[in-house]
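**Q** no FASTA, just this:
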């Protein structure tokens, strides 16, 4: 059931990306970076080996550095649209679905934090992995859950 839900979310995100760029003719470099992000952070990325993930992340960082300021702006607009769609979907969920979704987000963030600790690395600057929320206010994961429901 969980794999089916992840596949549906991934499909919706892909359709959204296609819709966003279909009309305006996407910049090929921006489209390539978006595809790289999907491959690295999408549901299929769970099966990547650590070395392969590291290689893809390095390639993504390099591709992002090579973008022009206008392309970076276009990329960030696409990512903002994805986040907006995700928030709209969240607020249309039932209370039980909201709780389940938040638990999944918290578990994912906690797993990243543990992985970074295991590797002796600090979370990326601006990461929500240290706070459990995107406000940076330092609330606990339980606090984040209560304020969004």
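**A** Great, that's in hand. Just so you know, these numbers come straight off a predicted model, no measurement behind them.
**Q** Would you mind measuring from the residue nearest the centre of the chain to residue 108?
**A** The residue lying closest to the centre of the chain (C-alpha atoms, centre = their mean) is residue 41, at 6.1 Å. Plainly put, residue 41 is 10 Å away from residue 108 if you go by C-beta to C-beta, to the nearest Å. All C-beta spots, glycine's among them, are computed from the backbone N, C-alpha and C.
**Q** Also residue 39?
**A** Going from residue 39 to residue 108 by C-beta to C-beta gives 17 Å.
**Q** More neighbours: those two, which one.
**A** Neighbour count, other C-beta atoms under 10 Å: between residue 39 and residue 108, residue 39 has more, with 14 against 11.
**Q** My read is that that one contacts residue 47, right?
**A** No - Residue 39 is beyond contact range of residue 47, at 11.4 Å (criterion: C-beta atoms under 8 Å).
**Q** For burial, what's the neighbour tally of residue 79?
**A** Residues lying near residue 79 (other C-beta under 10 Å) number 12.
**Q** so it is in which element?
**A** Element membership for residue 79 (DSSP states H and E) is helix 69-91.
**Q** any idea which helix or strand comes after that helix?
**A** By DSSP H and E, the next helix or strand past helix 69-91 is helix 95-118.
**Q** what about stretch 95-115, average pLDDT?
**A** Taken as a whole, stretch 95-115 has an average pLDDT of 89.
**Q** brain fart, stretch 53-61
**A** What stretch 53-61 shows for mean pLDDT is 88.
**Q** and if you look at stretch 7-20?
**A** For stretch 7-20, mean pLDDT is 72.
**Q** now stretch 67-84
**A** Throughout stretch 67-84, pLDDT has a mean value of 88.
**Q** on that earlier part again, check which helices and strands the helix holding residue 79 sits against.
**A** Using 3 or more C-beta pairs under 8 Å, 6 or more residues apart in numbering; DSSP states H and E, the elements in contact with helix 69-91 are helix 2-22, helix 28-41.
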